[in-house]
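J.: Give the three-dimensional model of this entry:
(chains A and B)
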Amino acid sequence: MAASLIRRPLRTSSILLAVFLPLALHGAVVQDTSDPGRRYLSPVDLAISPNGTRLYVVCEDANLVLAVDTRSNRVIERIAVGRQPKAIALSPDGNTIYVSNELDNSVSEIDAASLKVRRTFGAGWGPAGVAAGRHGNTLYIANTLGNDVSVVEAATGRNLRSLPAGTFPEYLAVSPDGARVYVSNLLATLGRFDQPPVSEMTVIDAESNQIAERIPIPGVIQLRHIAQVRMADGAYLLVPFLRPKNLNPLVQIEQGWYLTHGVAVIRTPASRRGDSGTSRVDEVLLDDVDRYFADGFGAAATSDGTLALVTASGCDTVSMLDTRKLDRLLQAVPPGNPEALADRLDSARRFVTARLATGKNPTSVVIAPGDSLAYIANRMDDTITVIDLHRQAVATTIDLGGPRQVTPERHGQQLFYDATYCFEHQMACATCHPHQGLSDGLAWSLETPELGRDVVENRTLRAISETGPFKWNGNNPDLETQAGPRTAMYIFRSQGFSDSQVRDLTTFIRSLTLPPNPRRKANAALNEAQERGRQIFFRTTTNAGEIIPPEKRCYFCHPPQTHYTARVHMDVGTKTPYDTSASFDIPQLEGLYMRAPYLHNGEAVTLEEIWTKYSPEDKHGITSDMDKVQLNDLIEFLKTL
Amino acid sequence: MARGISRGVPIAIVLPLLVSAPSRLSGDLHTGFPSANLTPALLFVEAPVTNAAPITQRFPKGSRLVSWQPGQPANTAVNLAPRFFAAADPDVSPSGEKILFSAKTALDSPWQVWEMNSNGTAQHQLTHCPDNCLKAAYLPENQFVYTRVSASDRESFLCVARIDGSGSHRITFGPGRFQLETVLQDGRLLASAERSLSPTGGGPQPRALFTMRPDGSGLTSFGDNRPTPLSQSAASELDDGTVVFTQREPARNSEPGGVLAFVRPGSLGVTTCNSEQPLVQSVHEFSGGHVLVSRQDSASSSAHYSAYDLDLSGGAPLRLIYRDPLASVVQAVPLRPHPAAAAYRSILHLERTSGRFICLNARRARDAKGGTLSAAIAQVRVFLQKDDKGGERLLGQAPVAADGSFYIAAPADRPVRFDLVAANGDLVASQKSWIWVRPGEDRGCIGCHEDKAESPQNHWPLALSMPGMPARIGLPPQKTLH
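T.: Here you go, the predicted model:
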């Protein structure tokens, strides 16, 4: 019973928000973004010093790392780092702080004593998770858009090698003995659009810096932070996930019909003493039968392994897990069936001992040495929730000093991450558009007049403000229609957002941009392959010299003047037996590099498949005359957009 | 006019004995209410006699709707609707400024739904039913829901109307004599209905709780719906989402009260209070884990109920709030603002005459070993309720795919039930209740009476890919898109 009751302490920040929110909603508040000190902080990751006296807070919207004195709970230093810092790690001795800068493709190295940036060195594409090897000699960086892990020599910042990860690797953890590096991947491995997704936990052998194992996690996406839970017989990994039901016709939301939220419990051979077998995966939900704990994000465990914390970022809640009870529950499950409990909505009551209210949009959680306190970063109200682990209660809330005013865009951002507008809190906008508006990479059977038909790929929210109409059928003329009644009726199945909330939400969505594209040089010059691809894109004749009809030229449907979309729908021969219409909205090509899979139902895993597999009659432009080199060149160009 | 309790002027003057003076009652009467300003006024119903059923005859000697400020003398209680023979079922608007209630002018006149200001002024009639309209509750966006009961009490169903009474339309269609219980915070309706398939013309049957959307779609049993002979009613939702209600055994069906029970958030199971305790007739949120209950003063005082403050956690002793030696005090609610239920935006197409059922795996069944029926299922037979005497007729049948899924279209707003049939014609399972689909509704089922703690597998149902689907049952043929 206690597990279902969320304790909500009165917080000063809530009161302030209540005071200033009406002000913001009247549209008079504009954030001064020129001064980092005036920007919203949006804390997303935490690290704590070995002696527990310093908490380091990564603030992605302010390009800052804050140092908090945990004795006074005051911010003692604001350290400017690169753009959109995402994750943090300490060297084993605690003397060096590493912070990934996602938009700069770099890592800032900070001296923990002086709290000054020592240097900044390059990373892969879209670095997020960062971890230091056991001896501090090696740094591991998860590059989200690069789909790889950089292995970096800590002393020099030199990239030793890049290891292919799964899809969109986001967070890392190093095993206590330093032998393994675990990598969680946000998106599923690309596969058939009509089959359940399979995600990957990538395991790196830290000795050889080779991939040791790719552990499939069936039926789930959005693996997030990795907690390592120490047990008597070894240890296991605990990783939050989202379990979508995208293949079912989404005719209702009750009983977890859309999606559920839980944790993967992964026992690797290396984490089990005396075990040389394969990894064992078990999936268990943190949801209850009538209340969902959407968007699991942060995870941490006490040093003795008795207690684990998992944040539900969409529901402003942290769940406290009795790991012994969880272990007993899983011991009763025969091995080899990781999904035996994966659809049970009554498991959490058996091992969740408390649900505590946090600030808005709790992300990362860390546990201080001594296992007395835990700290939770609340992205959407610029606070830290401090949990007393002995009492399993909120001890206090640290105000990090973000702007008090809430602009319409910030309010829209808060709404974007908030699952409480959905029936039983099952999802937020961010649930299907994680990591600032990405597509979740899944095809959904949503709002279809004929059930089972017209299954369509989810689409990105980045850089879409001038690309309407929306939806694959082009039926939604503007974002307000999409985010307003339609979301309430067919997605949230609840009241949804008010008109003013829709305005703020769409303001935020319009602010979402594409990250810098490293395939494009700063001076916009193309390399040779890209230039050849550009010429193919704009060609008017085939290889044989025949005139290509205008409507069969790439740029006819994808004109560069309007973000490479003609903003109409078109039949390009991709209709399947399960599509009602043959005509689909022409997607913009900007940001194509980060949008696999492709086509309206996501059946094209690569760009090349669009032409070589799904356009046999050249209805999707004249491409059948091209050879492999030309297709490669065309792809090289498209990925610069 | 039948003889009832007096009305028309403040209670304390006309019927001084009906409201006990503090000195005649337990000293607990005012304890806990140090300041009237800190405690909301209470609304409650006083009735010399309360009956269990039928609902239209709950108060054969009349009733009145009373407002009283805790901490004030009992004789300050005011009869808010003195012109009625009986008044009951108070529902306070979210603003706390309006009250919906049921009332009738004479013993043999029909109940109607009325609205008034919280001080009893501006009373106006919202329904004008030839039979009975009662047990109403506010819905968001200027609507209300109420229970309509035929004059013979044979039929009872829910209706929704605009707050001015216009646009009334029926939203429940099965047998079972649906009655509104409350509107849940998430916007769904909580109703009770007789769970039996037996004819409704007989005596009261055990009632069970159901949820549905305010447009009548998504009818679902509440809680785990384990078979029980207990009758559930008088349900209310607390601020933390706990649903409290009363349960009584069939042998006590003639009594208006029951044993207090509740379903906590996150749970499907029913927790029942000590059955040796005095019976409870109504229960409502009070504050901080406390509820207002209408409760027998003792287990032996079978017919007489008073208002009590009950700490559900058991931490504080039961406290008497209001007792009238000559009348039972029931349906006590605080008169104060409260959060409005979430609005629901209907996606029905009322111009259509059919709706669809998609079952993901008919073999999933809670009571089967491992949660799955071992027998192969080849067909689903659809029966239509023919009359309220339990008659039914076979409407048609549809194939069940290899994965257990089936997909059918059926007439809207008609009670139907399903039988699962093996390839050799043997009956595998039979549905024990009637359900319906509303016009344009797509009704999903994970299984057939599956475990409600089970979320669906992520699986594309094969039935959606079968030619000729959805199977049109009891509907004229129509060219499909396949």
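J.: Spell out which parts of chain B neighbour chain A.
T.: Neighbours of chain A within chain B, by CB under 8 Å from any CB of the partner chain: B:140, B:186-187, B:218, B:220, B:240-241, B:264-268, B:342-347, B:356, B:358, B:360, B:407, B:442-444, B:446, B:452-461, B:464-465, B:470, B:481. Just so you know, the C-beta spots here come from the backbone N, C-alpha and C atoms, and that holds for glycine as well.
J.: doesn't residue A:170 fall inside a strand?
T.: Yes - checked against DSSP: H, G, I helix; E, B strand; the rest coil, residue A:170 lies within a strand.
J.: burial count for it?
T.: Residue A:170 has 26 neighbouring residues, counting by other CB atoms under 10 Å in any protein chain shown.
J.: So it sits against residue A:142, correct?
T.: Yes - taking contacts as CB atoms under 8 Å, residue A:170 lies within contact range of residue A:142: 5.9 Å.
J.: quick one: low-confidence ranges for the stretch 351-482 of chain B?
T.: Where the stretch 351-482 of chain B drops to pLDDT under 70, the residues are B:388-390, B:479-482.
J.: now residue A:94: how far from residue A:48?
T.: 9 Å (CB to CB, to the nearest Å).
J.: neighbour count winner among those two?
T.: residue A:48 (21 against 16).
J.: so who does that one touch?
T.: For residue A:48, the contacting residues are A:54-56, A:70, A:366-369, A:375, by CB atoms under 8 Å, 6 or more residues apart in numbering or on different chains.
J.: repeat for residue A:502
T.: A:480, A:483-484 are the contacts of residue A:502 under CB under 8 Å, 6+ apart.
J.: Is it possible to get CSV of the contacts of residue A:48 that adds secondary structure?
T.: Shown next, in CSV, are those (three-state DSSP):
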residue, secondary structure
A:54, strand
A:55, strand
A:56, strand
A:70, coil
A:366, strand
A:367, strand
A:368, coil
A:369, coil
A:375, strand
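J.: Whichever of the residues you listed end up buried, select them in ChimeraX.
T.: Per 16 or more other CB atoms under 10 Å in any protein chain shown, the buried members of these correspond to this ChimeraX selection:
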select /A:54,55,56,70,366,367,368,375
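J.: Relative to chain B, which of the contacts of residue A:48 is nearest.
T.: residue A:367 (25.4 Å; CB to the nearest CB).
J.: Quick check, pLDDT for the closest one.
T.: The model reports residue A:367 with a pLDDT of 98.
J.: For residue A:69, see how far away it is.
T.: Counting by CB to CB - residue A:367 and residue A:69 are separated by 18 Å.
J.: cool, and residue A:268?
T.: Taking CB to CB, one finds residue A:268 at 37 Å from residue A:69.
J.: Neighbour count for these two, which is higher?
T.: residue A:268 (24 against 13).
J.: where does the residue nearest to that one when sequence neighbours are not counted land on pLDDT?
T.: Nearest non-adjacent residue to residue A:268, counting by CB to CB, 6 or more residues apart in numbering or on different chains: residue A:279, 4.6 Å away. Looking at residue A:279, its pLDDT stands at 88.
J.: Need the phi and psi values for residue A:279.
T.: phi -70, psi 150 (degrees, to the nearest 10).
J.: Show me what secondary structure element comes after the one helix or strand residue B:285 maps to.
T.: With elements taken from DSSP states H and E, the one containing residue B:285 is strand B:280-287. Per DSSP H and E, the first helix or strand lying C-terminal to strand B:280-287 is strand B:290-296.
J.: So which other helices or strands are in contact with that next one?
T.: Here strand B:290-296 touches strand B:280-287, strand B:305-311, strand B:328-335, going by 3 or more CB pairs under 8 Å, 6 or more residues apart in numbering or on different chains; DSSP states H and E.
J.: Enumerate the residues of the stretch 301-450 of chain A near chain B.
T.: So the stretch 301-450 of chain A meets chain B at A:343-346, A:348-349, A:423-424, A:445, A:450 (CB under 8 Å from any CB).
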